[in-house]
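# Could you look at this predicted model? Sequence included:
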Amino acid sequence: MPDDSAPKSAYEIAMERLRKSDEAAGVTRTSVTDEQKSAIAEVRNFYEAKLAEQQVLHESAIRKVTTLEQKEALEQEYRRERERLTSERDRKIEKIRRGT
């Protein structure tokens, strides 16, 4: 346990304040089990691969466009797909953390 008389870093002070505000708000912290960590890592790896695949496909499609409108449409589609995959990943991770 750290010596209370030693000076604290800004990080330690910030983390202390966050813990106190969480306690005041009624937020409880639960530790993640090894099984949950493994499942979360698997989900992250899967979505990292999907995002990389989307990037490769997007870059390939961009090389083939001839007009600015086509490029903008592809950019929007790519952005939407990245947002969809990211939010899907985050939902699955949160579900694993909750244990449901």
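Looks like it came in fine.
# Sort out which residues of stretch 50-57 are buried, please.
Buried residues in stretch 50-57, counted by 16 or more other Cβ atoms under 10 Å: 50, 54. Any C-beta I mention is one placed from the backbone N, CA and C, and that applies to glycine too.
# Equivalent analysis for stretch 16-36, please.
So stretch 16-36, judged by 16+ other Cβ under 10 Å, has buried residues Gln36.
# For the protein, just list every one of the helices.
Using DSSP state H, the helices assigned to the chain run over residues 10-25, 34-64, 68-98.
# which of those helices has the lowest average pLDDT?
Of all the helices of the chain, helix 10-25 carries the lowest average pLDDT, namely a mean of 87.
# gap between Leu85 and Ala73?
Using Cβ to Cβ, to the nearest Å, we find Leu85 at a distance of 19 Å from Ala73.
# ditto for Leu57
Computed as Cβ to Cβ, the Leu57 to Ala73 distance reads 14 Å.
# With Lys64 instead?
13 Å.
# who's more crowded, those two?
Shown here are Lys64 and Ala73; by other Cβ atoms under 10 Å, Ala73 has more neighbours (12 against 8).
# residues in contact with Glu53?
Glu53 sits next to no residue when contact means Cβ atoms under 8 Å, 6 or more residues apart in numbering.
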